[in-house]
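Asker: Give me a 3D structure for the following:
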Amino acid sequence: MQHLKEEKTFVLIKPDGVKKGLVGEIIKRFEQRDLKIVALEMFQPTKEQIHGHYPKDETWIRRLGQKSLGTYQKYGLDPVKILGTGDEFEIGKMVRGWVVDYILSAPLVKMVVQGVHAVDTVRKISGPTLPFLADVGTIRGDFSIDSPALANSEKRAVMNLLHASETADEAKHEIEHWFGKHPLASYQRHGEY
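Answerer: Model prediction:
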């Protein structure tokens, strides 16, 4: 069994987080909660890397389309008028394309964060995926206000500063995808026993 202090999660600072100069602030938020950074790199992703990160299966793409259609319905918007279709699969493909374009638009920062309940703690510090729902005090709540309704109307991805793994299994997969066999740093933080 892995020691509780050794749980790891994956974080990807997205183009808007990099362009807003928030890399240091984001790292600081994690370190303030006694989490430690055990791998860190700024890089320009390839399209192949992004395709390996975001699912391409029909179920996932349809779910993107369903979410978008739900947003259009909630705000009284006509998807056919805006996007030229009301088909969930076609809309999902569009949204996935916007996400890929967004992620490729600037360098990213990838990191592995380690500590007690790292997966849940990092997600709590980050705030909900949709910035307009994030509480003040979270990374997204303090530095972003984007929403799917606005993003869809502008035919682009929601800009939400960062990605954080949702589960320990997802974290394991993403760490392996983004860092491969590179060894992670091992050290004790000041005051850690």
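
Asker: Now the residue nearest the centre of the chain. Nearest residue, chain neighbours left out?
Answerer: When CA atoms, centre = their mean is applied to the chain, the residue found nearest the centroid is residue 163 (1.6 Å). Spatial nearest neighbour of residue 163, excluding adjacent residues (CB to CB, 6 or more residues apart in numbering): residue 12 at 4.2 Å. Just so you know, the C-beta spots here come from the backbone N, C-alpha and C atoms, and that holds for glycine as well.

Asker: in what helix or strand does the one you found lie?
Answerer: Assigning secondary structure by DSSP states H and E places residue 12 in strand 8-13.

Asker: Check which helices and strands that strand sits against.
Answerer: Counting contacts by 3 or more CB pairs under 8 Å, 6 or more residues apart in numbering; DSSP states H and E, strand 8-13 is packed against helix 23-32, strand 108-114, helix 118-126, strand 162-164, helix 168-179.

Asker: And the average pLDDT for it is what?
Answerer: The pLDDT scores in strand 8-13 average 98.

Asker: angle of it against helix 168-179?
Answerer: Counting by axes from the mean of the first three to the mean of the last three CA atoms, to 10 degrees, strand 8-13 lies at 60 degrees to helix 168-179.

Asker: I'd like the next helix or strand past strand 8-13.
Answerer: Using DSSP H and E, the helix or strand that follows strand 8-13 in sequence is helix 15-19.

Asker: about what we covered before: pretty sure residue 15 is one of the things the residue nearest to the centre of the chain touches, is it not?
Answerer: No. Residue 163 is beyond contact range of residue 15, at 11.4 Å (criterion: CB atoms under 8 Å).

Asker: Columns distance to residue 98 and mean pLDDT on top of the helices and strands packed on strand 8-13, output as TSV?
Answerer: Shown next, in TSV, are those (distance: least, CB to CB, whole Å; pLDDT from 0 to 100):
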stretch	distance to residue 98	mean pLDDT
helix 23-32	23	98
strand 108-114	16	98
helix 118-126	21	98
strand 162-164	15	98
helix 168-179	21	95
